[in-house]
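[1] 3D, please:
(chains A and B)
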Amino acid sequence: MEAVHGHDHSHDHHHPTGLTRWLMTTNHKDIGTLYLWFSFAMFITGGLLALGIRAELFKPGMQLWQPEFFNQLTTMHGLIMVFGAIMPAFVGFANWQIPLMIGASDMAFARMNNFSFWLLPPAAALLVTSFFVPGGATGAGWTLYAPLSVQQGMGMDLAIFAVHIMGASSIMGSINIITTILNMRAPGMTLMKMPLFVWTWLITAYLLIAVMPVLAGAVTMLLTDRHFDTHFFNAAGGGDPVLYQHVFWFFGHPEVYIMILPAFGIVSQVIPAFARKPLFGYASMVYATASIAILSFIVWAHHMFVVGMPAAGQLFFMYATMLIAVPTGVKVFNWVATMWKGSMTFETPMLFSVGFLFVFSMGGFTGLVCAITPIDIQIQDTYYVVAHFHYVLVAGSLFALFSGTYFWLPKWTGHMYDEKLGKLHFWCSMIFFNLTFFVMHFLGLAGMPRRVPDYATQFADFNMIASIGAFGFGLSQLIFLWCVIKCIKGGEKAPAKPWEGADSLEWTLPSPAPYHSFETPPIVK
Amino acid sequence: MQAAHGYYIPQPSKWPIVGSIALAFMGFGSAMFMNDVGAGPWLLCIGLAILAYMMFGWFGTVARESETGTYSPQVDISFRWSMSWFIFSEVMFFAAFFGALFYMRALSVPDLADADTGALLWPDFKSGWPVSGPGIEEKFSPMGAWGIPAINTLLLLTSGITVTWAHWALKKNDRTQLNLGLALTILLGISFICLQVYEYVHAAHELNLTLSQGAYGATFYMLTGFHGFHVTMGTIMLIVILFRCLAGHFKPENHFAFEAVSWYWHFVDVVWLLLFVLVYWL
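    Numbers count the residues shown, from 1 in each chain, chains lettered A, B, ... in the order given. Next up, the predicted model:
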């Protein structure tokens, strides 16, 4: 691959500086940076809510909060982490990396790109303010199940409009990403030559466009049931609360792949770079990603095995769900095979990716357990489910995000990060993560229900361990913040390609990447 | 900024942030409005005004850029991809409400009338369609398909033809036929909206069909209401395009804004056909 980088001479325009630069920017790197800092702020916010939950659960008995406020904490923790932290963080990566990796000058729609980002702060404001309105924030759980969500106060409406605005942001962002990938690739970069991160985002963006409007429809029906006297979710009017669950999970299940496919993409960039071998089974990775996306549309009712479903439905959704283990298994196999006989080194990005592989696979296996209908009926709404989805969301999505951050920080800032701090961050995160969530499997199997602020005394020891782990995990993230700020402020100068085995287009640009990426498209051979 | 090799990257712009301020006002305003908090309607109106200002400004900028030849053929392809995916997202939005309709007709209403549930809750409830629900005392009459809805079907189908006729004219640079075709399409769109409003008034006053009439009322008004909203948007878009045509915009080989609006118009047309068959007729 050869890259010609257009120099600043003819384009050294008077760019706005200070606040207006960030408010009015049309630059994919600026917008990527905004997304990443926004998601970190939301990660801290959602994390504080989680610590509120763990503080209450440190000991049995009612400790700190009223039960209603505890429900608000769990609900808002979920909503803020899903819509405020994980999803925008991946969009931040997409903004920074996709133009660099496909040899484009910027995103296809630079102004709309800015709009997609700046819709998020109003949505976050709606969510956070809802704590302070009469009745407080919604406490219906992040899934906002009817009829509870129909009965809540004004905080629920704020959450509904926040979801609408975040949905608009996601749809615009996804249209932008798909168009960029389909129409702005450098000459010679065929689809099957794209880096896997770009592939996973192409498929993720498709999922987002397909399901975010369905979520908008679901919360719109909630809104009309709340204020305009419709009966979508009310049996007296021929409706059904289960209808909400169907519509929600038709969005909700593809949503979990929206949060993990880009993580697969990051890991697929990092592992080959540090194993110094090309990715094993590139084509099968692409097909596996596509299969996961397609299957994700026909498994939603496995979230609802206890609603009273015909046995045929239970069987169908059980087998369809288990089928997803096949393409996921292909991926895990390929990552391991990439490392096989590679000359591996374990810098922080690789540590997080290998850590991801280890803990995410555990989350995948517990997912398989949850898929089995008779078992799921036992563990529905217990801490086993909480353990399962935190293994795939924290150890899956979040660890991949950390891995990608350390991997590309030299390209973004022009400096190497502090390797010692990075490794410390990894080991603290890994240990405290498992301390927090591993014990939750036992709690769930023993029958401790989720979303309840008090519990029977036999659960006390494991809950105490989980709470200690949670506070340790929260504090560990300050190491990350420190490490990133230190890297932005200075540090060892990063070469264009700091990682020996990395080979995608962004490494042909100098570090930090120039303000305008590829003004003259590189030729990909 | 015009990049060296053609792809247009716009200068920093204030319109996105103006738009997100508008949506912040609308979000807070609507939530307060619906909970009877004093300033709600005002905030909502301010939000809508800012949104309108943003749309004038932003779309105006895009029209100017287009007319000054800023967009390369590659940018044109980007527009085509993005409009297609936008319409796909709209399809999925309607899918949620059609899903609710199918679910109620095929599952939840029959379930409420079956022997087990009926014995426990509403023993007298008979399943069927159209129906409001077992707990709703008030009676209503359903909307017939072969009155206004059939006329509306004809209007929209005809408007699909006139917009295509206008497109042919644009391609062979016949501006009179273009303007005439667009004006006819707009006229048909407005007639559709007027008849729809008349139908709603008739439904609410004479048929006692309201949003609170359970399964039928909710699905009827939400589906036809969102469709009517889309027709209104589409008509406004067509009016903008007509004004641009009168101002001499568009060339036979370069007129994607026109095509995008006609795609959108065909999309609302197809949704209407589904509505006519599944909501009004069957």
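
[2] can you name the residues of the stretch 201-350 of chain A sitting close to chain B?
    Within the stretch 201-350 of chain A, the residues that sit near chain B (CB under 8 Å from any CB of the partner chain) are A:209-214, A:216-218, A:220-221, A:223-224, A:226-232, A:234-240, A:242-243, A:246-247, A:250. Where C-beta positions appear, they are placed from N, C-alpha and C, glycine not excepted.

[3] which among these end up buried?
    Buried members of these, counted by 16 or more other CB atoms under 10 Å in any protein chain shown: A:209-214, A:216-218, A:220-221, A:223-224, A:226, A:229-232, A:234-235, A:237-240, A:242-243, A:246-247, A:250.

[4] in the longest helix seen in chain B, what's buried?
    Determined from DSSP state H, the single longest helix within chain B is helix B:214-246. Residues B:214-224, B:226-228, B:230-232, B:234-235, B:237-242, B:244-245 are the ones in helix B:214-246 that count as buried (16+ other CB under 10 Å).

[5] could you do stretch A:40-54 as well?
    Burial within stretch A:40-54, assessed by neighbour count using 16+ other CB under 10 Å, is assigned to A:F40, A:M42, A:F43, A:T45, A:G46, A:G47, A:L49, A:A50, A:L51, A:G52, A:I53, A:R54.

[6] quick one: contacts for the fourth one?
    Put plainly, it is A:T45. A:T45 sits next to A:I80, A:G84, A:V128 when contact means CB atoms under 8 Å, 6 or more residues apart in numbering or on different chains.

[7] leaving out chain neighbours, which residue sits closest to the last one?
    The shortest distance from A:V128 to any non-neighbouring residue, by CB to CB, 6 or more residues apart in numbering or on different chains, is to A:T45 (7.1 Å).

[8] can you classify the one you found by secondary structure?
    Following DSSP: H, G, I helix; E, B strand; the rest coil, A:T45 is assigned to helix.

[9] distance check, it against A:E68.
    The spacing between A:T45 and A:E68, counted by CB to CB, to the nearest Å, is 20 Å.

[10] ok, now B:Q74?
    B:Q74 is 55 Å from A:E68, by CB to CB.

[11] same check on B:L121?
    According to CB to CB, B:L121 stands 30 Å off from A:E68.

[12] narrow the buried ones among the residues of the stretch 201-350 of chain A next to chain B to those in helices?
    Short answer: these in helices (DSSP H) are A:209-214, A:216-218, A:220-221, A:223-224, A:226, A:242-243, A:246-247, A:250.

[13] and the residue of the stretch 401-525 of chain A found nearest chain B, how many neighbours?
    Proximity to chain B, evaluated over the stretch 401-525 of chain A using CB to the nearest CB, is greatest for A:E519 at 5.1 Å. Using other CB atoms under 10 Å in any protein chain shown, A:E519 has 22 other residues around it.

[14] cool, B:P252 as well?
    B:P252 has 11 neighbouring residues, counting by other CB under 10 Å.

[15] for it, give me its contacts.
    By CB under 8 Å, 6+ apart, B:P252 lies in contact with B:L170, B:K171, B:K172, B:N173.

[16] from B:V62, how far off is the first one?
    B:L170 sits 19 Å away from B:V62, taking CB to CB as the criterion.

[17] who has more neighbours, those two?
    Set B:L170 next to B:V62 and count neighbours by other CB under 10 Å: B:L170 wins out with 24 against 17.

[18] which ones are touching the residue most central in space within chain A?
    The centre of chain A sits closest to A:I86, judged by CA atoms, centre = their mean, with a distance of 3.2 Å. When contacts are counted by CB under 8 Å, 6+ apart, A:I86 touches A:S39, A:M259, A:L393, A:S397, A:L398, A:L401.

[19] let me know the closest of these to chain B.
    Looking across these and measuring by CB to the nearest CB, the closest to chain B is A:S39, at 16.7 Å.

[20] secondary structure class for that closest one?
    Following three-state DSSP, A:S39 is assigned to helix.

[21] ok, it touching A:G84?
    Yes. If you go by CB atoms under 8 Å, A:S39 and A:G84 touch, sitting 6.9 Å apart.
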